[in-house]
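# Whatever this is, show me its structure:
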Amino acid sequence: MYINGVFEGGGVRGISLVGAVKAAELNGIKFRKVAGTSSGSIVASLIAAGYSADEMKRLIIDMPFSSFLKRAPIFNVKWIGPAMRLLMKKGLYSGEALERWMCSLLEAKGVRTFGDLEDNQLRIIASDITNGRLMVLPDDMAQYGVNPKRFSVCKAVRMSTSIPYFFDPVILRQSLSADRKKAFKQQFTYVVDGGMLSNFPLWLFDDDCHPETRRLIPTVGFQMVGKTPNQPHQINGVISMLQAIVDTMISAHDERYIEQHNRFRTVKIPTLSVGITEFNITLEKSLALFESGLLSGNEFFHDWDEKQYEQKLLHTKQRRK
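Next up is the predicted model:
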């Protein structure tokens, strides 16, 4: 059976999403369209490119995530270095290593731009903080003078995973024709992690129907939840405070909405108290997150029923009118 999948963001904890994808495969579930925010955009992109859960698990085992945290030696000077980089680059790390990693994985499957995928097969969420609006990629790139089909998938992932203050924002410059009347400084747009505006965009595929049968295709969300969601952050200075603010916003942004309206179509995955920016995560923790996703996915899909899904979705829509 086919479903559409929406994958929540959550930094390093996104490893757990791969386990849930494996559970879907084991229960005969295939993905027609996928969407994701932040680390969820990584998983969604790999699925769209044709990666299986087992292949993604192997990538996790082989990938030292701490390699994403490299920066020039001058910015490693204690206290001063990170602060200087924040002021100059607006992030502790560039994010370029993550983008190169994604490009290599996608190119291995013959995917470079959204034009290499089926129409609307993949959607990625990012946040335009210059204009204060949500970006649904690739379609919204047309507003910036870029052909959506020619837009790089790994660049979209880079935009969606730009955790504020942790990774540099992606800076877009609109086409000259679109910005002819604007001052030079006004021609640039800063884009950061999609989780700042919508970390769990379940609404993306609500009206998606099979082209032949016209029957509604179920949308299932994959959400990461902490066992101790109110666990306090340790704040020792400005940088840790900024990280705590971002962590709180990304983790809690859509929680109330999900709890009230969409629990029947959400795979909720415990993240075992792993932090969003815990890029020095051990192999043991990575595998534990994978197993957590696998268990949660199996529990959800074991009793999955498409007719019950349709009934509950209709009831939910009627209650919200």
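# ok, residue 87 to residue 292 distance?
38 Å (CB to CB, to the nearest Å). Bear in mind the C-beta positions are built from the backbone N, C-alpha and C, glycine included.
# Between these two, which has more neighbouring residues?
residue 292 (22 against 8; other CB atoms under 10 Å).
# In contact with the more buried one, which residues?
Residues in contact with residue 292 (CB atoms under 8 Å, 6 or more residues apart in numbering) are 16, 19, 269-272.
# hmm, who's touching stretch 119-129?
For stretch 119-129, using CB under 8 Å, 6+ apart, the contacting residues are 32-37, 41, 44-45, 48, 114, 133-139, 153, 156-157, 159-160, 162, 169-170, 189-198, 201, 204.
# quick one, strands of the protein?
Taking DSSP state E to define them, one finds strands in the chain at 2-7, 30-37, 91-93, 122-128, 133-137, 165-167, 170-173, 188-193, 219-225, 266-270.
# before we move on, back to that, as a markdown table, the contacts of residue 292 with distance to residue 314, pLDDT and neighbour count would be great.
Shown next, in a markdown table, are the contacts of residue 292 (distance: CB to CB, whole Å; pLDDT from 0 to 100; neighbours: other CB atoms under 10 Å):
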| residue | distance to residue 314 | pLDDT | neighbour count |
| --- | --- | --- | --- |
| 16 | 30 | 96 | 32 |
| 19 | 31 | 97 | 26 |
| 269 | 26 | 95 | 27 |
| 270 | 30 | 93 | 18 |
| 271 | 32 | 91 | 25 |
| 272 | 35 | 90 | 15 |
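# quick one: low-confidence ranges for the stretch 101-250 of the chain?
Within the stretch 101-250 of the chain, the stretches with pLDDT under 70 are 174-186, 227-250.
# how does it look with 90?
Flagging of the stretch 101-250 of the chain using pLDDT under 90 yields the residue ranges 144-145, 163-166, 173-188, 194-203, 206-216, 225-250.
# Residue 155: what's its closest spatial neighbour, skipping adjacent residues?
If the residues on either side of it in the chain are set aside, residue 155 comes closest to residue 99, at 6.8 Å by CB to CB, 6 or more residues apart in numbering.
# The one you found: how many residues sit nearby?
Neighbours of residue 99 using other CB under 10 Å come to 22.
# Now do the contacts for the closest residue to residue 206 other than its chain neighbours.
Closest residue in space to residue 206, ignoring its immediate chain neighbours: residue 219 at 6.5 Å, by CB to CB, 6+ apart. Residue 219 is in contact with 3-6, 202, 204-206, 208, 265, counting by CB under 8 Å, 6+ apart.
# Run the chain-centre distance for the longest helix anywhere in the chain.
If you go by DSSP state H, the chain has its longest helix at helix 283-302. When C-alpha coordinates are averaged (CA atoms, centre = their mean, to the nearest Å), helix 283-302 and its chain have centres 18 Å apart.
# how big is the angle separating it from strand 2-7?
140 degrees (axes from the mean of the first three to the mean of the last three CA atoms, to 10 degrees).
# now the angle from helix 283-302 to strand 219-225?
Using the same axes, to 10 degrees: helix 283-302 against strand 219-225 is 140 degrees.
# doesn't residue 266 make contact with residue 312?
No - if you go by CB atoms under 8 Å, residue 312 and residue 266 don't touch, sitting 11.6 Å apart.
# The two: which is more packed in?
Counted by other CB under 10 Å, residue 312 and residue 266 do not tie: residue 266 has more neighbours, with 21 against 15.
# show me what contacts the residue lying closest to the more buried one once chain neighbours are set aside?
Spatial nearest neighbour of residue 266, excluding adjacent residues (CB to CB, 6+ apart): residue 221 at 4.5 Å. Residue 221 is in contact with 5-8, 200, 202, 258, 262, 265-267, counting by CB under 8 Å, 6+ apart.
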